[in-house]
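Asks: Okay, sequence plus prediction incoming.
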Amino acid sequence: MPYPSLEQYTEALQSPHIAILEPELKRGTLKTTGLGLPLALCGGFALTYTVEANGKKFALRCFHKESRELEKRYAAIASKIKQLNSPYFLPFEFIREGIRIQGANYPIVKMAWAQGKTLAEFLENEHKNKGALQQLRGSLGKLADFIERNQIAHGDIQPENLMVSGNGATIQLIDYDGMFVDVLNGSKATEYGQVNFQHPKRSGDHFNQHLDRFSFICLDIAIQSLIINPQLWSISNSEPSAILFRRNDYIDPGSSAIFNEVRKLPELKNQIENLAKIASGNFGAIPSLSDFQQGKGISNVLISYGVKATASTHLYQGAYFVCDATNYQQVLAQVGNRIELIGRVHSIKPGWTQNRKRYVFINFSDWRGRAVKLAIWSDGLKDIGPNVPDDAWIGKWLSVTGLVDSPYDGQAGSVKYTHLSITINAKGQIQKLADGEARYRLGSAGQKQVMPIASSRNSDILQNMGGTAKPSTTTAPQNTSHLASKPVPQKSTNQQLLDNMRAKTPVVTQPSAHQTVSNIPLKPKSSSPGNKQAPVPKNTSWGTWIFLGVIALLVFRGCTG
């Protein structure tokens with residue numbers, strides 16, 4: 001079944017007491033942006049909203065992407081988590097009819113809010129704290145043992161899905177979309193995890209209790225490395241989506257700069273070389289973390305260190321789809337998805353909203369017209385601390401990870417504009433880049449045959465990364481409001497033929513002009529912001545001429561028949 005879009009959820013959740021059907025949540029209050037719109041966080045197949053109700057805090061997860069056997073999977077996962085009764089998991093409910101959008105009911109997940117910070121935030125703050133790292137490493141080891149003993153798998157062990165509290169002593173898992181439990185044995189994976197923490201040969205056929213082994217090994221070595229040499233954090237350009245290692249390093253560990261840096265540490269030389277062997281071996285041969293630490297189950301693979309990287313591994317392979325901040329059309333195609341945005345700061349606009357709350361906009365170009373920007377509202381400014389963006393940032397390159405919000409139409413005086421934005425909630429979302437690194441990452445911007453759309457959901461893409469890739473058939477998200485509100489009219493034979501031909505016709509896109517970003521806070525709209533259509537490309541292929549000719553023939557036959 002098709003699910004509502006981000007725009008449709010944004011519109012409906014402005015009136016949660018009407019849209020939400022679950023009794024407790026419908027009386028709650030949603031966290032909003034500085035524009036007063038519901039603040040959506042991306043988490044795989046679902047958009048996550050923060051709701052406070054009856055003095056408690058909940059995560060409301062609303063599905064916006066299709067997933068195979070969603071209800072069956074969540075029922076099996078919920079049953080297993082209840083049976084385990086473990087503090088590693090949060091209680092949750094899968095509610096089949098939990099929200100009403102344009103007359104149709106859709107499922108939601110109601111989950112208790114996790115305590116502490118994400119592992120990403122924890123490591124960013126504590127990567128120089130030896131005691132905290134040692135405690136964290138012990139906690140992760142216990143979690144890995146628990147998962148092995150119970151023959152389950154989370155499926156996406158990475159810093160955004162682990163909540164840390166007690167200075168590293170306590171860990172909780174969140175985002176259970178891709179979990180494996182015994183009842184699901186024989187099913188296919190619905191997601192493949194964040195690529196910087198996954199084996200390069202993982203595919204949809206791999207769905208069993210061993211999914212998390214590689215992730216735990218990578219995290220364990222990364223934390224040990226930071227305990228010995230905290231400077232490796234900056235040397236490796238670590239950030240929330242990449243702790244020391246990245247997918248490029250696993251694809252070709254022999255040419256990896258960070259693998260060679262860790263090899264210089266006598267205490268870890270054997271372990272990092274064993275990680276290289278595992279990364280170069282088969283997915284099914286990965287040992288448990290406990291066996292790995294004892295040197296058991298290591299693939300017998302010869303790795304040549306110091307060799308020059310191949311062209312395929314030189315292409316940047318980030319955790320999320322890479323977009324150029326000056327390419328409006330490219331970012332528009334990713335509304336509702338989490339991306340990595342690369343751009344040079346054009347201007348900084350601080351200000352105050354109408355209710356006297358502070359905000360800062362980071363503009364990547366002149367704000368007038370169509371543009372992409374960063375929006376840091378009052379809550380985000382508290383989270384990022386003293387390093388508030390100012391004019392000293394102008395001309396600096398940034399890498400930003402976050403959800404692309406819906407387009408917003410506004411007017412300042414006689415100037416009309418349409419803006420796409422990423423809302424900043426944590427300082428780790430923004431990373432400053434050197435000029436060379438920024439241009440290197442931009443080299444893969446819009447590389448649809450390589451980059452995953454959300455959180456690495458396409459096994460063909462994953463298998464092709466680092467090799468010869470097949471062209472992607474992914475297209476820009478479409479407005480599906482008609483699917484929720486009324487049945488789709490039956491089409492004629494000729495119309496079905498035309499639709500099939502359009503689906504087979506290559507989509508040609510061209511970069512938009514150097515566009516803009518905003519300066520003035522707006523009142524929230526009562527309806528969702530409009531989504532502009534992409535301009536029609538001017539360059540026309542032979543396939544397009546043939547397509548147009550067939551259309552003309554069909555029209556002629558229809559008129560004469």
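Replies: Structure received. Residues are numbered from 1 along each chain as shown.
Asks: same for the helix or strand that contains Tyr417, what does it pack against?
Replies: Element membership of Tyr417, judged by DSSP states H and E, is strand 415-423. The contact analysis (3 or more C-beta pairs under 8 Å, 6 or more residues apart in numbering; DSSP states H and E) places strand 415-423 against helix 328-332, strand 369-376, strand 397-403, strand 408-412. From N, CA and C alone the C-beta is placed, and that goes for glycine too.
Asks: for the following helix or strand past the second one, the distance to its chain's centre please.
Replies: It refers to strand 369-376. Moving toward the C-terminus from strand 369-376, the next helix or strand (DSSP H and E) is helix 378-384. When distances are taken as C-alpha atoms, centre = their mean, to the nearest Å, helix 378-384 is centred 21 Å away from the chain's centroid.
Asks: Now do helix 378-384: which elements does it pack against?
Replies: Partner elements for helix 378-384 (3+ C-beta pairs under 8 Å, 6+ apart): strand 358-363.
Asks: strands paired with the helix or strand just after the strand holding Tyr417, and their directions?
Replies: Counting by DSSP H and E, the element after strand 415-423 in chain order, helix or strand, is strand 430-433. Applying DSSP bridges to the sheet, strand 430-433 is found paired with strand 397-403 (antiparallel).
Asks: Off-centre distance for the partner strand?
Replies: 12 Å.
Asks: contact partners of it?
Replies: Around strand 397-403, the neighbours that count as contacts under C-beta atoms under 8 Å, 6 or more residues apart in numbering are 40-42, 47, 239-241, 319-320, 325, 336-345, 362, 374, 422-425, 429-435, 437-438, 441.
Asks: Give me the buried subset of the residues you listed.
Replies: 40-42, 47, 239-241, 319-320, 325, 336-345, 362, 374, 422-425, 429-431, 433, 437-438, 441 (16 or more other C-beta atoms under 10 Å).
Asks: give me the number of residues near Leu70?
Replies: Residues within reach of Leu70, counting by other C-beta atoms under 10 Å, total 20.
Asks: what sits against it?
Replies: Leu70 touches Phe45, Phe63, Pro107, counting by C-beta under 8 Å, 6+ apart.
Asks: change it to 7 Å
Replies: For Leu70, the contact set (C-beta atoms under 7 Å, 6 or more residues apart in numbering) comprises Phe63, Pro107.
Asks: now it: how far from Val301?
Replies: 38 Å (C-beta to C-beta, to the nearest Å).
Asks: before we move on, what about Trp367?
Replies: 52 Å.
Asks: So for the two, which sits in the more crowded spot?
Replies: Shown here are Trp367 and Val301; by other C-beta under 10 Å, Trp367 has more neighbours (22 against 15).
Asks: from memory that one sits against Tyr417, does it?
Replies: Yes - taking C-beta atoms under 7 Å as the definition, Trp367 is a contact partner of Tyr417 at 6.5 Å.
Asks: which other helices and strands contact whichever strand or helix holds Phe259?
Replies: Applying DSSP H and E as the criterion places Phe259 in helix 257-263. Secondary-structure packing of helix 257-263 (3 or more C-beta pairs under 7 Å, 6 or more residues apart in numbering; DSSP states H and E): helix 269-280.
Asks: which is the next helix or strand following the helix it packs on?
Replies: Immediately after helix 269-280, counting by DSSP H and E, sits helix 289-293.
Asks: Secondary structure class of Glu52, three-state.
Replies: Using DSSP: H, G, I helix; E, B strand; the rest coil, the structure places Glu52 in strand.
Asks: Please name the residues that touch Glu93.
Replies: Lys110.
Asks: Quick check: the gap between it and Glu24.
Replies: 10 Å.
Asks: before we move on, what about Glu52?
Replies: 11 Å.
Asks: Distance across stretch 94-114, terminal residue to terminal residue?
Replies: 17 Å (C-alpha to C-alpha, to the nearest Å).
Asks: chain center to it, what's the gap?
Replies: With C-alpha atoms, centre = their mean, you get 21 Å for stretch 94-114.
Asks: Could I get the buried residue list for that stretch?
Replies: In stretch 94-114, the ones that count as buried by 16+ other C-beta under 10 Å are 94-95, 98-99, 101-102, 104, 106-112, 114.
Asks: Which ones among those lie within strands?
Replies: 94-95, 98-99, 101, 104, 106-112 (DSSP state E).
Asks: and which of those is nearest Ser288?
Replies: Met111 (28.4 Å; C-beta to C-beta).
Asks: Leaving out chain neighbours, which residue sits closest to that closest one?
Replies: Phe92 (3.9 Å; C-beta to C-beta, 6 or more residues apart in numbering).
Asks: same thing with Phe292?
Replies: Ile217 is the one closest to Phe292 (C-beta to C-beta, 6+ apart), at 5.3 Å.
Asks: Specify the angle between the helix or strand encompassing Ile227 and helix 269-280 in degrees.
Replies: In this structure, Ile227 is located in helix 213-228 according to DSSP H and E. Orientation check (axes from the mean of the first three to the mean of the last three C-alpha atoms, to 10 degrees): helix 213-228 against helix 269-280 gives 150 degrees.
Asks: Mind listing residues that contact helix 213-228?
Replies: By C-beta under 7 Å, 6+ apart, helix 213-228 touches 127, 130, 133-134, 136-137, 140, 144, 157-158, 193, 197-199, 232-233, 243-245, 262, 265, 267-268, 271-272, 275, 278, 286-289, 292.
Asks: And the buried ones among those, selectable in PyMOL?
Replies: Here is the PyMOL command that picks out the buried ones among those, judged by 16+ other C-beta under 10 Å:
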select buried, resi 127+133+136+137+140+144+157+158+193+197+198+199+232+233+243+244+245+262+268+271+272+275+278+286+287+288+289+292
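Asks: Could you report the distance from Lys142 to Ala120?
Replies: From Lys142 to Ala120 the distance is 20 Å (C-beta to C-beta).
Asks: before we move on, what about Gly155?
Replies: On the measure of C-beta to C-beta, Gly155 and Ala120 end up 18 Å apart.
Asks: same question, Ile362
Replies: For Ile362, the distance to Ala120 - C-beta to C-beta - is 20 Å.
Asks: what does Met1 give?
Replies: Counting by C-beta to C-beta - Met1 and Ala120 are separated by 33 Å.
Asks: Looking at those two, which is more packed in?
Replies: A direct count of neighbours by other C-beta under 10 Å for Met1 and Ala120 places Ala120 higher, at 24 against 10.
Asks: Tell me where the longest helix sits in the chain.
Replies: Secondary structure assigned by DSSP state H gives helix 130-150 as the longest helix of the chain.
Asks: quick one: buried residues of the next helix or strand after that helix?
Replies: Per DSSP H and E, helix 130-150 leads on to strand 162-165 as the next helix or strand towards the C-terminus. For strand 162-165, burial by neighbour count (16+ other C-beta under 10 Å) applies to Leu162, Met163, Val164.
Asks: Any regions of the stretch 251-400 of the chain where pLDDT drops low?
Replies: Where the stretch 251-400 of the chain drops to pLDDT under 70, the residues are 308-313.
Asks: Apply 90 and report the result again.
Replies: Along the stretch 251-400 of the chain, the parts satisfying pLDDT under 90 run over 299-301, 305-318, 354-355, 383-387.
Asks: what's next to stretch 271-280, contact-wise?
Replies: Contact with stretch 271-280 is made by 199-200, 214, 217, 221, 250, 253, 259, 262-263, 286, 292, 295, 298-299, 301, 303, as judged by C-beta under 7 Å, 6+ apart.
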